[in-house]
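Novice: With the input below, show me the fold.
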Amino acid sequence: MSDSWCLRSRPVHSEAIQLWEKMEMESKPRRDYEQSCRDLQKDGWLEPGAVSPMPARLPGYDDPEPLGVSFFRTRVAGDLSNMTLPRTFFSRSEVAAVSFRNSDLSESTLCWNDFVGVDFSDSSLRGSDLRAADFNGVKFSRCDLRDADLRRSSFEDCDFTDADMRGTKLTSPQAAGLRLSLSQTESVDWQASDGEEPGGG
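Specialist: You can find the predicted model right below:
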């Protein structure tokens, strides 16, 4: 048995993998909003032409045009990492096998969707509305979830390692399906009720 084989076969600690992933993301800066939209146009997610202005607030299902970036009743897949797309609207869509790594999706609306095998690692969902959605096999590692609303959503086999949960809205029954650290649990804004359903249901 050669030494080189022994080196290759040694297990890699998860902490080292996370550090490597974080360094990889930091080495790829986020594209600005206009360039992110141009890339979405090039890949067929947005109509060609002038870039719609970013909405002034968190988007709603009944907002008048221009809507900014939106995904409605569609299947979203592929690489959407390292983008700057605050206040994006997702609704009634299947979001599967998508990487949003290191993307800024702060103050976005992500209600009434199925998220399967999605990677939100190192992304920002700060202040976003993630209610009434199903999350299956989703990675939120090191994700900024400050002040996000996750009520009425279900989580199966999701990873919240080192996610920033300060002010994140959840209810006590949801806690059973989440694997949170003690510090994360203490920083969550635990709600007594599910609240009203989000619009567009």
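Novice: Strands of this protein, start to end?
Specialist: Taking DSSP state E as the test, the strands found in the chain are 70-72, 75-79, 89-91, 94-99, 109-111, 114-116, 134-136, 154-156, 169-171, 189-191.
Novice: show me where pLDDT drops low in the protein?
Specialist: Residue ranges of the chain with pLDDT under 70: 1-27.
Novice: Please enumerate the helices of it.
Specialist: With helices called from DSSP state H, the chain shows them at 3-9, 14-26, 33-42, 172-175, 182-187.
Novice: just so I know, which of the strands of the chain lies nearest residue 181?
Specialist: When those are compared by CB to CB, strand 169-171 sits nearest residue 181, at 14.1 Å. Placement of C-beta: from N, CA and C, glycine included.
Novice: so what's the nearest residue in space to residue 62 that is not next to it in sequence up against?
Specialist: Spatial nearest neighbour of residue 62, chain neighbours left out: residue 199 (6.6 Å); criterion: CB to CB, 6 or more residues apart in numbering. Applying CB atoms under 8 Å, 6 or more residues apart in numbering to residue 199 gives the contacts 60, 61, 62, 111.
Novice: try residue 37
Specialist: With CB under 8 Å, 6+ apart, residue 37 has these contacts: 46, 51, 52, 69, 85.
Novice: pretty sure the first one is touching residue 40, no?
Specialist: Yes - the pair residue 46 and residue 40 passes the contact test of CB atoms under 8 Å, sitting 4.4 Å apart.
Novice: Surely residue 200 touches residue 91?
Specialist: Yes - judged on CB under 8 Å, residue 200 makes contact with residue 91 at a distance of 5.2 Å.
Novice: ok, the two, which is more surrounded?
Specialist: The residue with more neighbours, out of residue 200 and residue 91, is residue 91; 23 against 15, by other CB atoms under 10 Å.
Novice: Show me what the more buried one bridges to in the sheet.
Specialist: residue 72, residue 111 (DSSP bridges).
Novice: centroid residue for the chain?
Specialist: Nearest to the mean C-alpha position of the chain, by CA atoms, centre = their mean, lies residue 120 at 4.1 Å.
Novice: if we can go back for a sec, can you flag the buried ones in the contacts of residue 199?
Specialist: In terms of neighbour count (16 or more other CB atoms under 10 Å), the buried residues within the contacts of residue 199 are 60, 61, 111.
Novice: Which phi and psi values does the nearest residue to the second one once chain neighbours are set aside adopt?
Specialist: Leaving out its chain neighbours, the residue that sits closest to residue 61 by CB to CB, 6+ apart is residue 200, at 3.3 Å. Summarising the backbone geometry of residue 200 under the convention degrees, to the nearest 10, its torsions are phi 90, psi 10.
Novice: show me the contacts for residue 200.
Specialist: 60, 61, 62, 91, 92, 111, 112.
Novice: just residue 109 next, same as before
Specialist: 58, 59, 60, 61, 87, 88, 89, 90, 91, 128, 129, 198.
Novice: just residue 135 next, same as before
Specialist: Taking CB under 8 Å, 6+ apart, one finds 115, 118, 153, 154, 155, 156, 158 in contact with residue 135.
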